[in-house]
Every structure is written in C-alpha cells, then in structure tokens.
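*Asks:* model the following, please.
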Amino acid sequence: MRPSGGGAVAVAIVAAASLLLVVGTAVWPMLTLLVAVTVGIAVLAWRSPALAFCLAILLFGIEGTIKVRLTIEGSPLPVAGDAVGAAFIDLCFCLALLGLARHDRGRTIRRIWTVSGTWQRLAFSALAGWLVVSAVQVFQNDSLVQGLLGFRLVQGYVVAIVAGTALLAVSAVPQRTLAALAAVLGLVSGYAALRAAIGPATSERIFALSQDTTSVLAEGRENIFKGVGSFSSAIGLVSFLVPAAGFAFGLASLRPLRLLAWLVFGLAVGAVFGTYTRAALVAVAIALVATGVLLLVTEGRSRRRRLLLAAAVAALIAVGGVATSITFSGSSELRERGRGILHPLSDDAVKIRWRKAKESFEVLRDRPFGTGVGSVGHATEVVGERVVTVDNSYLKILQEQGPLGAVPFILGVFATLIAAAAGVARRAMPLRGLGTAAVTASVSFFLLAWTSEAIEQPGKVLAWLLLGVALWVAFGSPKRERGSGEGGPVAPGTG
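*Replies:* Residues are numbered from 1 along each chain as shown. From the prediction side, this is the model:
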C-alpha cells in the first residue's frame, strides 16, 4: 500500500532529518548535540519550564567544555567556536525564560510588588533604574557593537531574577525542581572536583591558556595550573562554585534534600580549593557564617538544633582553615599566596588592585559620566588588542557608567538582598531554610565580585536566579505553608 501525499512528505522529512543527524553527529558532534538540546529545552519550556531552566543553568556550567569542543571540531557557521557556543547558551536561556514567563504570566512579580513596603520598592526601583541608565549608556561607548556586547554580558542576565521568582511558583512539585537544580550544581561541581584531583584534559588546558586570564601560578619546576573544570577560566569556575556552595549549605536544612545538598557542598568546596582562588575561599567562609547566623537568630529551632548548627559551622570553618593551610603549602608560590589571606594589605595582588583603582578614578575624573557600557571587561576584545580589566565588578561599573550608574547598581543590589533577607527571616521553616540558602548564595557571589569581574562570568546567572528565589520566598510564596517543621515540604507553587 502506497503512502498518501501527506504521508510521503512526512517520510521524506523524517529521512532528511535522520540523514542530517547522522552527518552532523559524524562531522560536528558538539554542534549537533547543541541543536538537539536546544530543541529539547524548547519543548520542555512549553511543558515543564522549571526543568527547562535548570537545564539552561547546566549549559552555563559547562560553557568552557562547549566552547572547547566547538573550537576543536569547527562548525559550518562563519564565526568562531566560542561565539557559536555562547549564542546557543543564550538561546536556551531565552527559551527557558520565555517558558517560565508564559506559565507565570507576571503574577509572582506583581504579588511581590504588592506585598512589599516602600523601602523594598525603592530597592527594586533602584535596580530597575540602573538597567534603564545602562541602556542609554550603551551609546556612550565609542563602538556600538562593543557597548551592546557589554550590556549582554552584564545587564542582560539580570532578567534571571524574574526567572528565580517564577521557578518554584510554576512548579507542580517545587521539591523536585530544587532537587533538579541541586543535581545540576552537583554535576558541575563534581566534574570540577574531579579535574582538580587529576588535572585538566589537554584540550581544556590549551583553551584556558589561550584566554586572557591567569591560569598558571608559577612557571618551571613549580608549574601550578589553576583548576577550570568545565569553564573557560578559573574565575569563571569560582563565580559558579561560590554561590553553588552557599546554596547547598543552606539547602541542607531541608531534610528531603539533605544528603544531596551536603554532597554538592563538599564537591563545590573541594573544587574551589583546586582553583587556588583566595577570594573564593573567603567568600564561601562568609557564606557559611552568614547562613548559620540567619538560621540561629530566627525562631523555630530548639536549643539543641541551634547548638548543633553552631557547632557544624565552627567545625567546617576549622576544617576549611586546616585544608587552606595544607593547600597553600605545596610550593613557594602557594605559600606566598597563602600569606596574602592573613596579611591582605601587604599582598602584591591587593597592591595591583589599588593601582588599578587609582587609574580608574583618574579616568573617571576626565569622564565623570563614564566611558560607556562595555568599555571594561571581555567586551573590549571586540575592538581592542587586549582586555581592559580592573579586577573589581563595582569598579568596572563605576568606570563604565560613573556615579549615575554605579550608585543605583550598588544600592539596588544590596538593598534588594537586605529586603530579601528580612522577608525570609519572617517565614516559617522550611521556606526560611530555602530563602536563607538563596540569600547567602547571592551574597557570597557579590562579595566575590569585589575582587574580580565576576559580574560578567557565568556564575552571575546563578546568583541573579537565586536572588529571585529569595524574593519569592520573602514576598511571593503563599502565606500558608504546608508543614511548619524543619523537614516539611516546600510550599506549593502559586502558578
């Protein structure tokens, strides 16, 4: 029996798609896989947007691996492999975000705004005002392309806050979404910890060394490679691991996710040690203390649990101190870096940052409205021969946008974090545990941003996302929570 006309067309389409899949897999395997993942996320965004967004976060967590493989394998597209990888990651991010927006329809954002007080609204407005000012200051850059790229790298991902507010609101079973997100963080952290133990793959080492970042701490006999995991650089890796570790530690207060959370925390911290990044270790330590304090000062815990929590935080800090001492004793270069933790003012890296800060203020004196969005950071690679860097996210914003952009950015970020923390403290467990985890994870990222341009690294997406989760817990989640005990389930979604 011959197929009908429509059936014949369908068979032809399937045959052509199968042929393209076979050829693509043989010639451009990573590109073919990215196309398949993009299609899968597009389908999931329609049916299960929370899971789709978790998969999009995974792509940010393996951005280096994607770019390495595309660079090695090539593609039929007339652009560099890393640009192709970035485009696909952004496309998946947008598809997942649209899926969340479609299901939530802005209900959670409206609810957060409605129940917020005056000063909370001022905090949110400052952050929104910074985005508006940034859009105008794109045109201050001498190169429009560079300005747009700079906006994409930093301001464009702030919409992840909106995704965070909707992530659990649209979930039929929020606990499963949290487990999926924790699993993603575990996969990224686990691979990074593995590479910290056995060393990077040859292709990863070559790609990291080709980037305009410091990947080797010392040359010659004491050659020490900073771990990059599945990222393009060590700073990209820690920008993701620091909030991941903070979130996992706080998430351990939720009994159903406790084992998974502790596993993620251990892997993330182990991988951070493999990067030899001192600021990241300090940021994780501060996140632990902040989490413990927030959980201790709020009601709902017995004296025994408070003591256990305080002991756990103290023990982790002590173990971390010993591990830091051992890690930074392997060579003269590492010992010198280790001394910088105890004596930061005499550290060479700190002195270099002070010098860069003075240079930035000199630039700002000549151009008080800033040099334009994208004039500092990776966007400068587009038109410049070298990357212009200041090693400080806040200084980067100040040099690019002047006080007109830097003031609302700093006030908006930290006032929003304070508003989220205050709102979270009023919730009952287990929501308070989840909110505390999200707040401290975001805080740890913005602490790390003081010593690097982490604001344009992949971890920014996770940090903004978790800030949105914290806002959902503080203002957008249901007033009546199912289960008031420590091990109870997370409140149901509002979507």
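
*Asks:* ok, and the closest non-adjacent residue to Ala80?
*Replies:* Distances taken as C-beta to C-beta, 6 or more residues apart in numbering put Thr71 closest to Ala80, at 7.4 Å, once the chain neighbours are dropped. C-beta coordinates here come from the backbone N, C-alpha and C atoms, glycine included.

*Asks:* work out for me the element the one you found sits within.
*Replies:* In this structure, Thr71 sits in helix 63-73 according to DSSP states H and E.

*Asks:* same thing with Gly405?
*Replies:* helix 393-425.

*Asks:* do the same with Ser171
*Replies:* Going by DSSP H and E, Ser171 is not in any helix or strand.

*Asks:* mind checking the SS state of Ser232?
*Replies:* coil (DSSP: H, G, I helix; E, B strand; the rest coil).

*Asks:* next, count neighbours for the closest residue to it other than its chain neighbours.
*Replies:* The shortest distance from Ser232 to any non-neighbouring residue, by C-beta to C-beta, 6+ apart, is to Gly64 (4.3 Å). Per other C-beta atoms under 10 Å, the neighbour tally for Gly64 reads 25.

*Asks:* repeat for Phe139
*Replies:* Counted with other C-beta under 10 Å, Phe139 comes out at 11.

*Asks:* repeat for the one 10 residues further on
*Replies:* Using other C-beta under 10 Å, Leu149 has 23 other residues around it.

*Asks:* also Trp130?
*Replies:* By other C-beta under 10 Å, neighbour count at Trp130 equals 24.

*Asks:* which strands and helices lie in contact with the helix or strand where it lies?
*Replies:* Under the criterion of DSSP H and E, Trp130 resides in helix 118-137. Using 3 or more C-beta pairs under 8 Å, 6 or more residues apart in numbering; DSSP states H and E, the elements in contact with helix 118-137 are helix 144-153, helix 393-425.

*Asks:* would you verify that Pro368 is located in a strand?
*Replies:* No. Pro368: not assigned to a strand; according to three-state DSSP it is coil.

*Asks:* list the contacts for it?
*Replies:* Going by C-beta atoms under 8 Å, 6 or more residues apart in numbering, Pro368 touches 402-403.

*Asks:* so what's the backbone phi/psi at it?
*Replies:* phi -60, psi -20 (degrees, to the nearest 10).

*Asks:* and it, how far is that from Leu398?
*Replies:* Distance, Pro368 to Leu398, using C-beta to C-beta, to the nearest Å: 11 Å.

*Asks:* then Arg304?
*Replies:* Arg304 is 48 Å from Leu398, by C-beta to C-beta.

*Asks:* equivalent analysis for Val228, please.
*Replies:* From Val228 to Leu398 the distance is 29 Å (C-beta to C-beta).

*Asks:* do the same with Leu77
*Replies:* Remark: distance between Leu77 and Leu398 (C-beta to C-beta) = 37 Å.

*Asks:* of the two, give the one with the bigger neighbour count.
*Replies:* Leu398 (24 against 13).

*Asks:* that one is in contact with Ala406, isn't it?
*Replies:* Yes. Counting by C-beta atoms under 8 Å, Ala406 is a contact partner of Leu398 at 4.1 Å.

*Asks:* hang on, the earlier thing: how far off centre is the helix holding Thr71?
*Replies:* 20 Å (C-alpha atoms, centre = their mean, to the nearest Å).

*Asks:* quick revisit: thought the residue nearest to Ser232 was touching Phe231?
*Replies:* Yes. Using C-beta under 8 Å, Gly64 is in contact with Phe231, at 4.1 Å.

*Asks:* how about low-confidence regions in the stretch 101-250 of the chain?
*Replies:* 211-223 (pLDDT under 70).

*Asks:* and with 50 instead?
*Replies:* 218-222 (pLDDT under 50).

*Asks:* now do the strands in it.
*Replies:* Using DSSP state E, counting those that start in this stretch, the stretch 101-250 of the chain contains no strands.

*Asks:* where do the helices sit along it?
*Replies:* 107-115, 118-137, 144-153, 160-167, 174-198, 202-210, 234-251 (DSSP state H, counting those that start in this stretch).

*Asks:* who does the fourth one touch, helix- and strand-wise?
*Replies:* Based on contacts counted as 3+ C-beta pairs under 8 Å, 6+ apart, the elements that helix 160-167 packs against are helix 49-61, helix 81-104, helix 107-115, helix 459-471.

*Asks:* could I get those as JSON lines with mean neighbour count and distance to Ala160?
*Replies:* As requested, the helices and strands packed on helix 160-167 are exported to JSON lines (neighbours: other C-beta atoms under 10 Å; distance: least, C-beta to C-beta, whole Å):
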{"stretch": "helix 49-61", "mean neighbour count": "25", "distance to Ala160": "9"}
{"stretch": "helix 81-104", "mean neighbour count": "20", "distance to Ala160": "8"}
{"stretch": "helix 107-115", "mean neighbour count": "17", "distance to Ala160": "13"}
{"stretch": "helix 459-471", "mean neighbour count": "28", "distance to Ala160": "4"}
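
*Asks:* so which of those gets nearest Ala283?
*Replies:* helix 459-471 (10.9 Å; C-beta to C-beta).

*Asks:* state the mean pLDDT of the closest one.
*Replies:* The average pLDDT within helix 459-471 is 96.

*Asks:* again, but for stretch 317-335
*Replies:* 64.

*Asks:* show me the contacts for Ala470.
*Replies:* Ala470 makes contacts with 164, 417, 420-421, 424, 435, 438-439, 442, as judged by C-beta under 8 Å, 6+ apart.

*Asks:* I'd assumed Gly64 was in contact with Asp82.
*Replies:* No. Counting by C-beta under 8 Å, Asp82 does not reach Gly64; the two are 9.2 Å apart.

*Asks:* what's the overlap in contacts for those two?
*Replies:* Joint contacts of Asp82 and Gly64 (C-beta under 8 Å, 6+ apart) are Ser232.

*Asks:* what is the neighbour count of the closest residue to Ile109 other than its chain neighbours?
*Replies:* In this structure, Ile109 finds its nearest non-sequential neighbour in Thr165, 5.9 Å apart by C-beta to C-beta, 6+ apart. Number of residues near Thr165 (other C-beta under 10 Å) recorded here: 28.

*Asks:* use 55 as the first number for this chain going forward.
*Replies:* Understood, numbering begins at 55; the last thing we discussed is Thr219.

*Asks:* so what's Thr219 up against?
*Replies:* Here Thr219 is in contact with 158, 162-163, 166, 522-523, 525-526, 530 (C-beta under 8 Å, 6+ apart).

*Asks:* out of the residues you listed, which comes closest to Ala315?
*Replies:* Val523 (14.5 Å).

*Asks:* state the distance from the closest one to Gly283.
*Replies:* 24 Å.
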